[in-house]
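**Q** Sequence first, predicted coordinates after that:
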Amino acid sequence: MENTLPKIIRKTSPYLKRPKASVTRMMRDVTIALLPVTAFAIYKFGMSAVVIIVLSILSMAVTEYIYYQIVDKLDGDKFKFKNKNFTLYNFSVITSGLIYSLTLPDNTPAFVVVIGAAFGIFFGKLIFGGLGQNVFNPAALGRVFIVVSFGTMMTYDVDTVAGATALGVLNNDVFNIAVLENFKLMNLFTGIGIPGSIGEMSAILLILGGVYLAFRTSFEVRIPLVYVGTVALLAGAVAIYKDLGIWYPVFHVLSGGLLFGAIYMATDPITSPITKGGRIYFAFALGVLTFFIRLFGAYPEGVVFSILIMNMFVTSFDYYKWTNQQITKRQKLIFTIVVLVTIGITIVGVSYVG
């Protein structure tokens, strides 16, 4: 009998294990998990943060609402104020808008916030058919779009090192421990006294939200663990090779929005693989790409760029021959070899940097 098993498997990732799990529950949980970070952003940046958050959520919501009303009109449907496709009702657009807003600097111009939000939700979600069909993470797409289009308008301003994030300073001299003079590890952990995007600075609050999501089984915990672990592994290998000390991998983990992207963006169930093996390989690739962009690229942070790039390859990670729910011994061996080769490539590359 001919094998009719599809070569590519696509469906919404089965992250919610409870029988009554739903999109609404998951999105609501992500929003709740982000409340401590949001409160800290408002405490630190005041009305600037409030304006960015409100504008981001409203811009995405209005763009989506107008889009579905136009689609219904073109399909010949009568106008209904409560549009059935509008994802405000299941927290999806709220979550996307909140995540997008928390990736922005506090002095981002209002028009840039609105343009990025509208672009992200439209080109990252709506043109693909809406929730469950999108290839790209809308928040990540909006963030990358405004970085590329309006990068000079997005600066950071804190008394320590005005105009530069921790990784931005390190990017100019990638192995200089002097960076710790202005960006102490404890400050990076707490988010106090350092520049950065309004919701990406406090590692402890980001981790707290991740623990909540893990207990609620509202995200795939392997993705952030492998993603962050890969960056730490590669940075640790560099630290050993260059005799830098433990500060170097810790610095990479705590700075540059890595924890935020790993916990709240890379775990998006629509734009990540569906199998256990696929999610591990996906997260590993994210970690490698992020660290390589930081170390060898022109942009010092690399997280949202990595997420968007890897979003394009999610269907490859869902290929049934190498991404099953059960990881075989052969797959473990191959993955181990890939990890070792990646470390070797990193060390070789580092010998030509700086």
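**A** Everything's here; your move.
**Q** Find the nearest non-adjacent residue to the residue nearest the centre of the chain, please.
**A** The chain has G261 as the residue nearest its centroid, 2.7 Å off, counting by CA atoms, centre = their mean. The shortest distance from G261 to any non-neighbouring residue, by CB to CB, 6 or more residues apart in numbering, is to V303 (3.8 Å). Any C-beta I mention is one placed from the backbone N, CA and C, and that applies to glycine too.
**Q** OK, contacts around the one you found?
**A** Shown in contact with V303 (CB atoms under 8 Å, 6 or more residues apart in numbering): G256, G257, L258, F260, G261, A262, M265, T290.
**Q** Try it again at 7 Å.
**A** Counting by CB atoms under 7 Å, 6 or more residues apart in numbering, V303 touches G256, G257, L258, G261, T290.
**Q** Quick check: the farthest pair among the residues you listed?
**A** G257 and T290 (9.7 Å; CB to CB).
**Q** on that earlier part again, please look at the residue nearest to the centre of the chain and V304 and confirm they touch.
**A** Yes. The pair G261 / V304 is scored as a contact, 6.4 Å apart, by CB atoms under 7 Å.
**Q** out of the contacts of V303, which are buried?
**A** Neighbour counting by 16 or more other CB atoms under 10 Å classes G256, G257, L258, G261, T290 among the contacts of V303 as buried.
**Q** would CSV of those with secondary structure, distance to K329 and pLDDT be doable?
**A** Formatted as CSV, these follow (DSSP: H, G, I helix; E, B strand; the rest coil; distance: CB to CB, whole Å; pLDDT from 0 to 100):
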residue, secondary structure, distance to K329, pLDDT
G256, coil, 36, 67
G257, coil, 36, 84
L258, helix, 31, 90
G261, helix, 32, 92
T290, helix, 29, 92
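**Q** Generate a markdown table for those, with distance to L244 as supplementary columns.
**A** Below are these laid out as a markdown table (distance: CB to CB, whole Å):
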| residue | distance to L244 |
| --- | --- |
| G256 | 17 |
| G257 | 22 |
| L258 | 18 |
| G261 | 24 |
| T290 | 18 |
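**Q** Among those residues, find me the one that's closest to V314.
**A** Compare each of the buried ones among the contacts of V303 with V314 using CB to CB and the shortest gap goes to G261, at 15.7 Å.
**Q** And the pLDDT at L234?
**A** On pLDDT, L234 comes in at 95.
**Q** Run a quick neighbour tally on it.
**A** If you count neighbours by other CB atoms under 10 Å, L234 ends up with 26.
**Q** for Y67, same thing?
**A** 20.
**Q** And for the one 5 residues further on?
**A** D72: 16 surrounding residues under other CB under 10 Å.
**Q** ok, now how distant is it from V93?
**A** 17 Å (CB to CB, to the nearest Å).
**Q** show me the contacts for the residue nearest to the centre of the chain.
**A** With CB under 7 Å, 6+ apart, G261 has these contacts: V303, V304, I307.
**Q** for V144, same thing?
**A** V304, F305, L308.
**Q** okay, now the second one: neighbour count?
**A** Neighbouring residues of F305 were enumerated by other CB under 10 Å; the total is 20.
**Q** May I ask which helix or strand encompasses it?
**A** Assigning secondary structure by DSSP states H and E places F305 in helix 303-311.
**Q** quick one: contacts for the nearest residue to A283 once chain neighbours are set aside?
**A** In space, A283 comes closest to V226 once its chain neighbours are excluded; the distance is 3.6 Å by CB to CB, 6+ apart. Residues in contact with V226, defined by CB under 7 Å, 6+ apart, are I280, A283, F284, G287.
**Q** hmm, back to that, any idea how far the residue nearest to the centre of the chain lies from F189?
**A** Relative to F189, and taking CB to CB, G261 is found at 17 Å.
**Q** Over to E301?
**A** In terms of CB to CB, E301 sits 18 Å off from F189.
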